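> sequence and predicted structure are below.
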Amino acid sequence: MNLFGDRVAAALARVRARSGDALAKPMDFFGNMIPAVNVLSVALCHSVHHRGQLSSYLRPMGGKVPSIYGPTADTPMAAA
């Protein structure tokens, strides 16, 4: 794996080890007390947003957009 993949795998293991009660417990998120699971949801949405931003920069730079979330215009179609 790579550094990103290793860190994601370790973070997922920590989340999976948490109980439902622990994930429902409020935590401080920039001065707002919200359930820990909501913080995870915000982090996921934030990551998806930036991944989409980065992928949109590829084509204007002459690159091909990988199939991050499914086929793209740059994904070859399978023969019918």
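Ah, there it is. Numbering: from 1, shown residues only.

> ok, which stretches of the chain are strands?
26-29, 32-35 (DSSP state E).

> how about those, which one is nearest S19?
Proximity to S19 (C-beta to C-beta) singles out strand 32-35 among the strands of the chain, at 12.9 Å. Where you see a C-beta, it was placed from the backbone N, CA and C, and this is true even at glycine.

> any low-confidence regions in the chain?
1, 78-80 (pLDDT under 70).

> if we can go back for a sec, could I get the strands of the chain as TSV with distance to C45 and mean neighbour count?
Below are the strands of the chain laid out as TSV (distance: least, C-beta to C-beta, whole Å; neighbours: other C-beta atoms under 10 Å):
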stretch	distance to C45	mean neighbour count
strand 26-29	13	12
strand 32-35	14	12
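
> go through these and name the closest to R59.
Closest among those, using C-beta to C-beta: strand 26-29, at 34.8 Å.

> using PDB, write down the CA coordinates of the closest one.
C-alpha atoms of strand 26-29 as PDB (Å, rounded to 0.1, in the frame of the first residue of the first chain):
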ATOM      1  CA  PRO A  26     -21.200  14.500  21.400                       C
ATOM      2  CA  MET A  27     -17.800  16.000  20.700                       C
ATOM      3  CA  ASP A  28     -16.500  19.500  20.100                       C
ATOM      4  CA  PHE A  29     -16.400  20.400  16.400                       C
END
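
> which stretches of the chain form helices?
For the chain, helices defined by DSSP state H occupy the ranges 3-17, 20-24, 36-58.

> who does the first one touch, helix- and strand-wise?
Contacts of helix 3-17 with other secondary structure elements, assessed using 3 or more C-beta pairs under 8 Å, 6 or more residues apart in numbering; DSSP states H and E, are absent: no helix or strand is involved.
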